[in-house]
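Colleague: Below are the sequence and a predicted model for it; my questions follow.
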Amino acid sequence: MKHLVLGFGTLVMAATMAMAHGGVKDPLVKARMDLMVEIKDSTGVLGNMLKGKIPFDAAQAEAARLALLDHAKAIPAAFEVQATDPKTEAAPAIWTDWDDFVAKSNDMVAAVEAADASSMDSLRAGMGAIGASCKACHKSYRID
């Protein structure tokens, strides 16, 4: 249950982040924010299945997991350039502690790769690790 709560907490943080995207002027910052929205959308499908808001569908869950995997793999490249904007939520520590940021991104990739979307039980087990990886990175590298 603790892992499920972490996953849903991450979804709430991501939803809050999505509302802050208006008025972003730097296209690189906007692209990073859009990537995070895509991550939120993919985890949202999985989370909504776990919450019973939408019926569980193994094919749809696997498609969302694979989309999430693609998005997770794109995180380091999206942050490679230290672009800034008054609306950014990216902490400067990303670039001063780049190796740790990439390691945390890789932890998310590993969590998504390990997740099994073939059943509700296996999806529930995998979402805990995914949510924990999101939280670990946001705690260190996201400005609230």
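Modeller: Everything's here; your move. Numbers count the residues shown, from 1 in each chain.
Colleague: how about the helices of the protein, start to end?
Modeller: With DSSP state H, the ranges of helices along the chain come out as 2-19, 27-51, 58-79, 93-96, 98-114, 120-141.
Colleague: How about the contacts made by the most centrally placed residue in the chain?
Modeller: In the chain, the centroid-proximal residue (CA atoms, centre = their mean) is Ile39; its distance is 4.5 Å. Residues touching Ile39, when contacts are defined by CB atoms under 8 Å, 6 or more residues apart in numbering, comprise 14, 68, 71-72, 134. All C-beta spots, glycine's among them, are computed from the backbone N, C-alpha and C.
Colleague: top of these by neighbour count?
Modeller: Using other CB atoms under 10 Å as the neighbour criterion, Cys134 leads those with 27 neighbours.
Colleague: so how far is the first residue of stretch 81-97 from its last?
Modeller: Across its full length, stretch 81-97 reaches 14 Å between end residues, using CA to CA, to the nearest Å.
Colleague: So which bits of that stretch are buried?
Modeller: Residues of stretch 81-97 classed as buried by neighbour count (16 or more other CB atoms under 10 Å): 83, 85, 88-91, 94.
Colleague: Same list, these, but as CSV with distance to Met127 and pLDDT please.
Modeller: Rendered in CSV, the data for the buried residues of stretch 81-97 read as follows (distance: CB to CB, whole Å; pLDDT from 0 to 100):
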residue, distance to Met127, pLDDT
Ala83, 31, 94
Asp85, 31, 92
Thr88, 28, 93
Glu89, 23, 94
Ala90, 25, 96
Ala91, 25, 96
Ile94, 25, 97
